[in-house]
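Participant: Any chance you could fold what I've pasted below:
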Amino acid sequence: MTSMNAQPRRGRKDGSPLRVLVVDDEASLAELLSMALRMEGWEIRTAADGRSAVNLAREFKPDVVVLDVMLPDFDGLEVLRRLRADKPELPVLLLTAKDAVEDRIAGLTAGGDDYVTKPFSLEELALRVRALLRRARVVADTTESTLVVGDLTLDEDSREVHRGGVPVVLTATEFELLRYLMRNPKRVLSKARILDRVWSYDFGGQANIVELYISYLRKKIDADRKPMIHTMRGAGYVLKPAS
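Facilitator: Numbers count the residues shown, from 1 in each chain. Modelled structure (predicted):
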């Protein structure tokens with residue numbers, strides 16, 4: 001169980017950082033993904049085309065690959081084929097702007113372990129990567145899925161939330177927002193940062209969407225209880241145990 005004072009161990013079984021290879025020809029997105037995944041404590045390398053990705057994978061020996069299907073030289077499915085020729089069990093998360101069912105089927109049939117379409121939530125992508133690593137038994141057994149702050153618990157696998165032992169029913173977006181707050185207890189998080197991590201990377205909305213969902217969470221988490229979600233005027237929001 002993950003308490004507010006101890007983050008889960010997300011390293012290899014030998015204690016070294018997990019290695020993630022991000023392959024995307026859109027430089028700004030690759031950098032955004034890299035920053036988000038480094039926050040997990042992982043070692044990240046990036047490649048902008050298929051040939052570089054294959055060569056870097058042989059040198060870097062990643063534990064998981066986040067792979068864009070559309071690349072400038074040859075497509076991601078060919079990269080996937082070459083990666084699997086070298087390491088058949090390598091977990092691969094396919095990333096693409098295509099959202100047609102036949103495209104998903106093609107990617108998964110080609111051997112992709114999971115499939116995410118743009119735009120996407122960075123928090124969701126990190127969750128998918130963690131799930132692939134657990135499935136591949138790469139992550140140390142001490143990594144667990146339950147976040148705990150005070151009397152508030154959130155299970156990342158079952159998606160169950162309880163406050164003081166009482167179940168709290170959340171929508172998908174409310175769950176992602178609460179998870180981000182709980183993974184950063186006692187830290188003041190700005191609206192811009194919350195938008196980047198909880199909503200899609202190119203979300204075009206305004207910061208008031210954060211205010212709206214914070215209000216939704218308060219009604220479910222803090223209603224008739226001592227508050228845990230606090231507004232820091234001009235700075236953002238913070239979640240901490242009820243005093």
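
Participant: And the helices in this protein?
Facilitator: Counting by DSSP state H, the segments of the chain that form helices are 27-38, 50-60, 76-86, 101-109, 122-135, 172-182, 191-198, 208-221.

Participant: For the first one, buried residues please.
Facilitator: Neighbour-count burial for helix 27-38 flags 29, 30, 32, 33, 34, 36, 37 (criterion: 16 or more other CB atoms under 10 Å). Yep, even glycine has a C-beta here, placed from its N, CA and C like the rest.

Participant: possible to save the helices of the chain as CSV with mean pLDDT and distance to residue 93?
Facilitator: Converted to CSV, the helices of the chain look like this (pLDDT from 0 to 100; distance: least, CB to CB, whole Å):
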stretch, mean pLDDT, distance to residue 93
helix 27-38, 90, 11
helix 50-60, 96, 13
helix 76-86, 90, 11
helix 101-109, 65, 10
helix 122-135, 82, 6
helix 172-182, 89, 17
helix 191-198, 82, 18
helix 208-221, 92, 26
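
Participant: Can you say which of those is nearest to residue 148?
Facilitator: helix 172-182 (8.0 Å; CB to CB).

Participant: export that closest one as PDB, just CAs?
Facilitator: The C-alpha coordinates for helix 172-182 follow below in PDB (Å, rounded to 0.1, in the frame of the first residue of the first chain):
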ATOM      1  CA  ALA A 172     -13.500   8.500 -15.000                       C
ATOM      2  CA  THR A 173     -12.300  12.100 -15.100                       C
ATOM      3  CA  GLU A 174     -12.900  12.700 -11.400                       C
ATOM      4  CA  PHE A 175     -10.900   9.500 -10.700                       C
ATOM      5  CA  GLU A 176      -8.000  10.700 -12.800                       C
ATOM      6  CA  LEU A 177      -8.000  14.000 -11.100                       C
ATOM      7  CA  LEU A 178      -8.100  12.500  -7.600                       C
ATOM      8  CA  ARG A 179      -5.400  10.000  -8.400                       C
ATOM      9  CA  TYR A 180      -3.100  12.900  -9.500                       C
ATOM     10  CA  LEU A 181      -3.800  14.800  -6.300                       C
ATOM     11  CA  MET A 182      -3.200  11.700  -4.200                       C
END
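
Participant: got the angle for it vs helix 208-221?
Facilitator: Put simply, helix 172-182 runs at 90 degrees to helix 208-221, going by axes from the mean of the first three to the mean of the last three CA atoms, to 10 degrees.

Participant: Other residues contacting helix 172-182?
Facilitator: 4, 121, 123-124, 147, 149, 152, 154, 156, 159, 161, 170, 189, 194, 197-198, 213-214, 216-217, 220-221, 229, 237, 239 (CB atoms under 8 Å, 6 or more residues apart in numbering).

Participant: Please indicate which of these are buried?
Facilitator: Buried among those by 16+ other CB under 10 Å: 4, 121, 123-124, 147, 149, 152, 154, 156, 161, 170, 189, 194, 197-198, 213-214, 216-217, 221, 229, 237, 239.

Participant: could the helices of the chain go into a markdown table alongside distance to residue 19?
Facilitator: Below are the helices of the chain laid out as a markdown table (distance: least, CB to CB, whole Å):
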| stretch | distance to residue 19 |
| --- | --- |
| helix 27-38 | 10 |
| helix 50-60 | 6 |
| helix 76-86 | 13 |
| helix 101-109 | 22 |
| helix 122-135 | 10 |
| helix 172-182 | 24 |
| helix 191-198 | 22 |
| helix 208-221 | 33 |
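
Participant: With residue 119 as the reference, measure out to the nearest residue to residue 70 once chain neighbours are set aside.
Facilitator: Nearest non-adjacent residue to residue 70, counting by CB to CB, 6 or more residues apart in numbering: residue 96, 6.3 Å away. Applying CB to CB, to the nearest Å, the value for residue 96 to residue 119 is 12 Å.
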